[in-house]
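J.: Sharing a sequence plus its predicted fold:
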Amino acid sequence: MSRAAVVAGLGSWVPPTVVSNAELAAQLDTSDEWIRTRTGIRQRHVIEPGSATGDLAVAAGRRALASAGVDGADLVVLATSTPDQPCPATAPEVASRLGLTGVGAFDVAAVCTGFVYALATAAGLLATGVGDSALVIGADTFSTILDPADRTTRAIFGDGAGAVLLRAGEPGELGALNGFVLGSDGTRRELIEVPAGGSRQRSTGRPADPADTYFAMQGKPVFAEAVAMMASSIRTTTERMGWSVAQIDHFVLHQANARILAAVAQRLEVPLERFVSNIERVGNTVAASIPLAMADAAREGRLGAGQRVVLAGFGGGLTWGSTALTWPDLKTV
Ligand code: UT7
């Protein structure tokens with residue numbers, strides 16, 4: 001039987017600076033009431049000038065290593081769409097700052113599905129013996145790519161990082177990740193994008209229109225796709241596990257909007273109480289969202305060893321993905 005990736009440690013980090021809805025409403029044509037009722041968000045964390053995604057990734061990674069009681073890993077996989085610079089990848093520097101110079105380290109870019117893609121990638125590397133352990137981090141700082149005048153995206157996104165330490169183990173163990181589903185639809189790329197700054201724009205030789213250098217999202221169609229694709233990928237993962245949807249104790253979904261979580265719960269006909277949510281405090285933290293929600297729920301004692309947990313993400317690309325595990329006996333730090 002092939003080796004599985006087993007969750008052995010979990011950590012997260014958000015920068016200390018908090019931006020409340022009231023602070024946004026003082027700068028933009030929005031209100032605490034609109035943001036709370038349309039998204040479920042009350043506040044978000046943002047990095048200080050001069051900080052970067054890698055700083056958050058190091059902090060979360062350090063906590064995941066401590067939670068697992070280890071001081072190293074054979075691989076570092078960083079899910080991010082806001083790397084410290086366009087080239088090189090951020091993961092090698094994160095690895096070195098964690099004292100892991102010399103290990104395999106690379107970034108995975110799948111926007112809000114990045115963490116699920118990174119888990120699947122690391123699981124494949126552990127299964128094929130490329131390494132015996134992997135530090136998988138999701139970290140993003142969307143505050144650095146938002147249009148300061150865009151009230152919709154500024155209301156939603158926040159900065160943060162979450163990480164798990166995976167070790168090679170048996171598929172039947174507590175904590176083993178199984179039932180992976182990954183999907184994409186590039187024909188809908190324009191629903192979530194930063195139009196400029198890549199090779200297509202730079203090859204023109206003309207400077208970018210400043211408006212095209214910001215993150216842009218078409219909220220309504222994204223909302224509908226997020227509900228449909230997370231519900232269907234959860235169903236497929238659940239079938240692959242040999243479980244029924246009703247048997248799942250906790251759903252940890254990408255925290256895009258509290259109304260999306262409610263709509264997925266309704267579509268799957270399961271009580272909303274089974275959906276972990278920390279969106280009120282952190283907003284949408286992109287690739288950090290799922291591990292950050294897991295870490296917060298674990299710290300609150302909500303996730304018990306042996307309980308059935310499904311993780312699901314959806315984001316730019318478009319991309320989506322899910323996986324499942326029975327919760328391990330984890331030390332939270
Ligand atoms: O993480 C990757 C995946 N991302 C997502 O899943 C996000 C999915 N989309 C959403 O969460 C929602 O579509 C949004 C929260 C982005 C928007 O909520 P909505 O209920 O779909 O609102 P809407 O876009 O239909 O806008 C309704 C109104 C509009 O005004 P008009 O045209 O009706 O006059 C907007 O201009 O609300 C307006 N609006 C705002 N008003 C106050 C949009 N943003 C704001 C705001 N404050 N921050």
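T.: Received it, and whenever you're ready, just let me know what you need. Numbering: from 1, shown residues only.
J.: Distance of residue 310 relative to residue 216?
T.: Counting by Cβ to Cβ, to the nearest Å, the gap between residue 310 and residue 216 amounts to 30 Å. For glycine as for every other residue, the C-beta is placed from the backbone atoms N, C-alpha and C.
J.: ok, now residue 170?
T.: Taking Cβ to Cβ, one finds residue 170 at 45 Å from residue 216.
J.: Name the residue in those two with the higher neighbour count.
T.: residue 216 (18 against 11; other Cβ atoms under 10 Å).
J.: what's across from the more buried one in the sheet?
T.: Beta-bridge partners for residue 216, by DSSP bridges, are residue 193.
J.: Let me see the contact set for it.
T.: 147, 150, 153, 192, 193, 194, 195 (Cβ atoms under 8 Å, 6 or more residues apart in numbering).
J.: same thing but at 10 Å, please
T.: 145, 146, 147, 150, 152, 153, 190, 191, 192, 193, 194, 195 (Cβ atoms under 10 Å, 6 or more residues apart in numbering).
J.: What distance do you get for the closest residue to the ligand within the chain to residue 200?
T.: Closest contact between the chain and the ligand, by Cβ to the nearest ligand atom, is at residue 219 (2.8 Å). Distance, residue 219 to residue 200, by Cβ to Cβ: 24 Å.
J.: Neighbour count for those two, which is higher?
T.: Each of residue 219 and residue 200 has its neighbours counted (other Cβ under 10 Å); residue 219 has more, 16 against 9.
J.: Tell me who's in contact with that one.
T.: Residue 219 sits next to 38, 39, 152, 153, 156, 191, 192, 256, 257 when contact means Cβ under 10 Å, 6+ apart.
J.: just checking, which of those belong to strands?
T.: Secondary structure from DSSP state E places residue 192 of those in strands.
J.: Looking at the contacts of residue 219, which one is closest to residue 6?
T.: Ranked by distance to residue 6 (Cβ to Cβ), the contacts of residue 219 are led by residue 256 at 27.8 Å.
J.: ok, for the closest one, nearest residue in space, not its chain neighbours?
T.: With Cβ to Cβ, 6 or more residues apart in numbering as the criterion, residue 256 has its nearest non-adjacent residue at 5.2 Å, and that residue is residue 284.
J.: Now for that neighbour, how many residues are close by?
T.: As a burial measure, residue 284 scores 25 neighbours (other Cβ under 10 Å).
J.: so it makes contact with residue 154?
T.: No: using Cβ atoms under 10 Å, residue 284 is not in contact with residue 154; the gap is 11.2 Å.
J.: any residues in contact with both of the two?
T.: 44, 142.
J.: Give me the next element, helix or strand, following the top helix by length along the chain.
T.: For the chain, the longest helix by residue count, based on DSSP state H, is helix 219-241. Downstream of helix 219-241, the next assigned helix or strand under DSSP states H and E is strand 250-253.
J.: packing partners for the following helix or strand past that next one?
T.: Remark: after strand 250-253, the chain's next helix or strand is helix 258-268, criterion DSSP H and E. Using 3 or more Cβ pairs under 10 Å, 6 or more residues apart in numbering; DSSP states H and E, the elements in contact with helix 258-268 are helix 32-39, helix 219-241, strand 250-253, helix 279-282, strand 308-315.
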